[in-house]
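Novice: when you get a sec, could you give me coordinates for this:
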Amino acid sequence: MRKIARFLVLFLIFSISVFPYADQSSPGAHSIESRVDALFAQWSKVDSPGAALAVIRDGKIIYAKGYGMADLEHNVPIAPDTVFYIGSTSKQFVAMCILLLEAEGKLSLDDDIRKYLPDFPIYDRPLTIRHLIHHTSGLRDDLALWSLAGRDILDSMPEDAVYEMLCRQKALNHTPGEQYVYSNSCYFLLSMIVKKASGESLREYADKHIFRPLEMTSSHFHDDNLYIIKNRAFGYTQNNDGKFGNLHMRFALVGSGGLYTSVNDLFKWDQNFYQNRLGQKDPGLIRKMYQNGKLNNGTELTYAFALQNGAYRGLRTVSHGGALAGYRAELLRFPDQHFSVIILSNLDRFDPSRLAYKVSDIYLENLLQPQKPMTDAKVGERKEVSVDPALLDLYVGKYQIAPGAIVEIFKEENRLMTQIAGQPKFQLFPTSNTEFFLKVVDAQVTFEPEKKQIIIHQNGQTVIAKKTEATVVPIVLTPDQLIQYAGDYYSDELMVTYQITKDEKALFLKFGYNPITEMKPVSSDLFNAGFLIHFLRNDKNGIIGLDVNAGRVQSLNFVRKQ
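Specialist: Next comes the predicted model:
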């Protein structure tokens, strides 16, 4: 959650295990493998977490390997049958369950979700299963809400408690069908709908209708955090000094995530997209999985049934990543080439998505369109390109990322810099003429000068910031001004109190088990506390409450206690 929140303020020498999957008959096979291994070299050690890789072509695993350790405490190496938590990559299995239930006649994608969840709130417009599938519901994100309530998302999140929290939400982020805003709440609710429509839990239904038919023997939806998982990779974090630490979790909420699996099992899932073996074995089931969602105005999304349709260097791609705690996952498919790359990792700083494309560069180099040369950089990290300094002038300006919150983009010694009032400035590093990234956080910025806007991407979130002429003025508050904000603010939607205190120079926020956080002024009545806090006034200019805006949660209201 803290990384998600930072999005609003600006914004990983030898292999452990080798398995006989490489196609030794191919000319230059050893050369290709060595190039792939080089991408993972920094993690291929006996004292490092790492990743499992599977490269698939024409229905076969042509290369699979484990790099690094699944369990540092017991010296267990990673292998292709090592079981990882795959985060949001799980969502496509939930989407398949919904389509299988539709084929059975047990639900319709256009059903109001209250048909299955009758106690769910009634909003201005009905919420449908289709809205949930394509993240167009407007539902606030349950993981973000849980964190904003001062709770730890890596601890136990009981299904009943999460559902009750969602039922307390009085408003949506937007009208259903009007926007695409990724929300884990959508797939959490879909897991509940699977149970209501089938009479079986998501774990039971997926096991019976997906995992057993595809012989995915190492896969299950983890709805019981006491359940023992054979061959599990444990999750790790890496500190700034390079040392690794445990990143344990008791998380057992399913739907938005929850699947434990291996690259060997995901190979079987991947192949089902070419010849369906599920349900009545209807190929139409797979075509539906690839269908993009649409907004109310007819605009077509690139997000299908928990699959991201895209393109890379001239070739069509289908993909979805996943991340939680110390786990990272990517399943990247080039369907027209019958080629896929699966990477599962147990390190929080690992970037499997970028590495999946790098592996694809090696195997598909004769099919991919050329890309511009890139400067040297660490393997596995983003690589910078040279950009004409004159081009940067088109990007200079002020962009509004939220009401009262403006980010300024400016040039400094032919480098592009970014800064929010009262915050440090950071350099933007180019990966193309229009795409830049920050090194201080995992965030990317795409410039669209013809539209006078930038698109900011982080952790699955997307925010469009329009160019503005508003003035950026640093805010300095006197003690008399600070005192008006101090007090307790309560949210009945989260059932939590935010305690705001002051000293002579600053405001501070405390809630739940979180450490005390300094609130830095951004503009009049707007503060940054890792997320945006906007104070609300009555007609007599007295502060009566506040709104919280935190990416996937917008306009969450708190009332000031008397």
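Novice: which residues does stretch 307-314 contact?
Specialist: Contacts to stretch 307-314, defined as C-beta atoms under 8 Å, 6 or more residues apart in numbering, come from residues 92, 95, 289-290, 292, 302-303, 316-320, 334, 357, 360, 368-371. The C-beta positions use only the backbone N, C-alpha and C, and glycine is treated the same way.
Novice: buried residues in stretch 467-485, which are they?
Specialist: Under the neighbour-count criterion of 16 or more other C-beta atoms under 10 Å, stretch 467-485 has 467, 477, 482, 485 buried.
Novice: could you work out the end-to-end span of it for me?
Specialist: One end of stretch 467-485 sits 30 Å from the other (C-alpha to C-alpha, to the nearest Å).
Novice: over to stretch 434-445?
Specialist: 8 Å.
Novice: list the buried residues for it?
Specialist: By 16+ other C-beta under 10 Å, the buried positions in stretch 434-445 come out as 434-438, 442-445.
Novice: which pair of the residues you listed spans the longest distance?
Specialist: Spatially, the most separated pair among the buried residues of stretch 434-445 is Thr434 and Asp442, at 18.8 Å (C-beta to C-beta).
Novice: can you pull out the low-pLDDT segments for the chain?
Specialist: Scanning the chain for pLDDT under 70 picks out the ranges 1-30, 372-383, 402-405, 421-424, 440-442, 458-461, 470-474.
Novice: map the structural domains onto the sequence of it.
Specialist: As assigned by automatic domain parsing, the chain contains the domains 86-363, 389-468, 479-560.
Novice: need the winner for burial among the ones you listed.
Specialist: domain 86-363 (a mean of 19; mean count of other C-beta atoms under 10 Å).
Novice: any idea where the strands of the stretch 151-300 of the chain begin and end?
Specialist: 220-221, 236-238, 244-246, 259-261 (DSSP state E, counting those that start in this stretch).
Novice: hang on, I meant the stretch 401-550 of the chain
Specialist: Taking DSSP E, counting those that start in this stretch as the criterion, the stretch 401-550 of the chain carries its strands at 405-412, 415-420, 426-430, 435-438, 443-448, 453-458, 461-468, 487-491, 496-502, 507-510, 517-523, 526-528, 532-537, 543-549.
Novice: residues in contact with stretch 211-223?
Specialist: Stretch 211-223 has contacts (C-beta under 8 Å, 6+ apart) with 81, 83, 85, 90, 93, 159, 201-203, 206-207, 210, 227, 229-231, 252-254, 258-262, 264-265, 268-269, 272, 277-278.
Novice: my bad, should have said stretch 509-523
Specialist: 149-152, 404-406, 420-423, 473, 475-477, 496-501, 506-508, 527-530, 532-533.
Novice: change it to 6 Å
Specialist: Applying C-beta atoms under 6 Å, 6 or more residues apart in numbering, the contact partners of stretch 509-523 are 150, 404-405, 422, 475, 496, 498-500, 506-508, 527-530.
Novice: select, from the buried residues of stretch 467-485, the two members most distant in space.
Specialist: For these, the farthest-apart pair by C-beta to C-beta is Lys467 and Leu482; their separation is 32.3 Å.
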